[in-house]
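Asker: Fold the following for me, if possible:
(one chain, ligands or ions: 2)
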Amino acid sequence: MSTLTLQPIQRVEGTVHLPGSKSISNRVLLLAAMAEGQTRITNLLDSDDIRHMLNALQALGVSYQLRADRTECVVDGLAGFFQCAVPVELFLGNAGTAMRPLTAALAASNVTAHLKGEPRMYERPIGHLVEALQQWQADIEYEKEPGFPPLTIRGQALQGGLVRVNGSISSQFLTALLMIAPMLSGDSTIEIVGELVSKPYIDITLALMQRFGVDVQNDDYQRFVVRGNQRYQSPGSILVEGDASSASYFLAAAAIRGGTVTVTGIGKNAVQGDIHFADALAEMGADVEWGEDFISVTRNQLRGIDKDFNAIPDAAMTIATTALFAKGPTCIRNVYNWRVKETDRLAAMATELKKVGAEVEEGQDYLKITPPARLQHARIATYDDHRMAMCFSLVALSDTPVTIEDPDCTRKTFPNYFSLFQSLSR
Ligand SMILES: O=C(O)C1=C[C@@H](OP(=O)(O)O)[C@@H](O)[C@H](O)C1
Ligand SMILES: C=C(OP(=O)(O)O)C(=O)O
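Answerer: Numbering: from 1, shown residues only. Ligands and ions are numbered 1, 2, ... in the order given. Got it, this is the predicted structure:
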């Protein structure tokens, strides 16, 4: 297995132009594919998750022109769901933002599809979404384990109506239902059972649906009302915000060993909830400056915090390694669904943090981290989880090197992460 050893970094300083948001890129690609008209997408992310969506759209008959560097794409909308005369097999890797919304879109399309992915995708639950779609009369079959991909979907016209979806494991199930609801023949009401997790991702979904001309009534994230028989209208062109989860590593680096680091491509009005990672850094003591199109962080003394991170599960992982540099313990609460992401992130984080010397308490849905007096050099397993690899790069902002196994696993969302991270070293 390949490894990357990062030598101790004394100081970071500089500006990073963020790659496009994964969550926005994959939503916009799908909306553009189903919309009426042509959509020019700029600052598209180029990473595995987006390639899986692009390949799937191509297999489903969507035509698009991708610029050579793959960060700009012009999509010819179908003005409706997919139509395929022959069955298709789609490989979606481990991309939740492709698997979940495509499951819904295909269930309402005139197509038979087999949805495949990497082995870990077959351990990530999708039952709540399938059960909801079945209430709309969708025909979806589990090919292996009930409740998990791979899936066989025999798509057909759906009428919408009342549907109840469990929101306690992933917000992506609701996102998937919302994205297809306006194009169903009748009106729909989507009711949430249990407490909805990761709520800010629903704001991203609703904001982008609005950019494509569709308004949704949101009753306090408990009930969503969507008028049926509508068509998405292309907004013409759309700029993808920088990825706020990807920004977290650079902002944390500044808080630990700045100097000042500025990220551009997101700012105080960004639609992604993960920008509020910067608020958590401020609570820990860092100095944060917000602009229209940038966020800057400057080092200050850091202290541990105890906080509910349910709204920003991805960026919260960066808090776990930032906590190694704070005074006192940090508690990351209400992140049960870390267990069903790229790996069991609660277990993986606890194991690897202990390797560098931290004292860690792993609860069912929380992690409490007490930093060691001095960090130890360790070889960090990354579990094919891009965020494990990126989070642990922060350990190098000490007097100790860190060795990261399989650093290329960042290709899921951020292929050139390590070169950008090292470019900030002064
Ligand atoms: O909708 C999205 O774009 C995402 C929602 C979140 O997942 P959950 O809703 O499953 O927490 C997040 O972790 C994921 O990386 C992207
Ligand atoms: C959970 C993540 O990805 P996915 O979109 O596959 O759910 C993530 O990027 O941290």
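
Asker: Which stretches in the protein count as helices?
Answerer: 22-34, 48-59, 96-107, 127-135, 172-180, 200-211, 244-257, 277-284, 313-322, 345-355, 386-392, 417-423 (DSSP state H).

Asker: Quick one: residues contacting the spatially closest residue to residue 205 that is not a sequence neighbour.
Answerer: Spatial nearest neighbour of residue 205, chain neighbours left out: residue 175 (4.4 Å); criterion: CB to CB, 6 or more residues apart in numbering. To be clear about C-beta, it is placed using only N, CA and C from the backbone, and glycine gets the same treatment. If you count contacts by CB atoms under 8 Å, 6 or more residues apart in numbering, residue 175 has them with 27, 100-101, 201-202, 205.

Asker: Let's see that with 7 Å instead.
Answerer: The neighbourhood of residue 175, defined by CB atoms under 7 Å, 6 or more residues apart in numbering, consists of 100-101, 201-202, 205.

Asker: what's the answer for residue 170, then?
Answerer: Residue 170 sits next to 197, 337 when contact means CB under 7 Å, 6+ apart.

Asker: Quick one: name the residues of the chain near ligand 1.
Answerer: Of all the residues in the chain, those in contact range of ligand 1 (CB under 6 Å from any ligand atom) are 23, 96-97, 170-172, 175, 197-198, 201, 313-314, 337.

Asker: Restrict those to the buried ones and give me that as a ChimeraX selection.
Answerer: Typed into ChimeraX, the line below selects the buried ones among the residues of the chain next to ligand 1, using 16 or more other CB atoms under 10 Å:
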select :23,96,97,170,171,172,175,197,198,201,313,314,337
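
Asker: among the residues of the chain next to ligand 1, which are in reach of ligand 2?
Answerer: With CB under 6 Å from any ligand atom as the criterion, the members of those in contact with ligand 2 are 96-97, 314.

Asker: okay if I get the residues you listed as JSON lines plus pLDDT?
Answerer: Listed next are these as JSON lines, based on pLDDT from 0 to 100:
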{"residue": "96", "pLDDT": "98"}
{"residue": "97", "pLDDT": "98"}
{"residue": "314", "pLDDT": "98"}
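
Asker: which residue does this structure bring closest to ligand 2?
Answerer: Among residues of the chain, the one nearest ligand 2 by CB to the nearest ligand atom turns out to be residue 96. It sits 2.7 Å away.

Asker: ok, so what distance separates that residue from residue 176?
Answerer: As judged by CB to CB, to the nearest Å, residue 96 and residue 176 stand 10 Å apart.

Asker: next one: residue 426
Answerer: As judged by CB to CB, residue 426 and residue 176 stand 44 Å apart.

Asker: Can you add distance to residue 17 and give the residues of the chain next to ligand 1 back as TSV?
Answerer: Putting the residues of the chain next to ligand 1 into TSV (distance: CB to CB, whole Å) gives the following:
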residue	distance to residue 17
23	18
96	26
97	22
170	30
171	28
172	27
175	27
197	31
198	26
201	24
313	25
314	20
337	30
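
Asker: any idea which of the residues of the chain next to ligand 1 is closest to residue 270?
Answerer: For those, the minimum distance to residue 270 (CB to CB) is 11.4 Å, reached by residue 23.

Asker: domain parsing for the chain?
Answerer: Residue ranges for the domains of the chain, per the TED database: 3-19+243-424, 22-227.

Asker: and stretch 310-330, how far from the chain's centre?
Answerer: The gap between where stretch 310-330 is centred and where its chain is centred comes out at 17 Å by CA atoms, centre = their mean, to the nearest Å.
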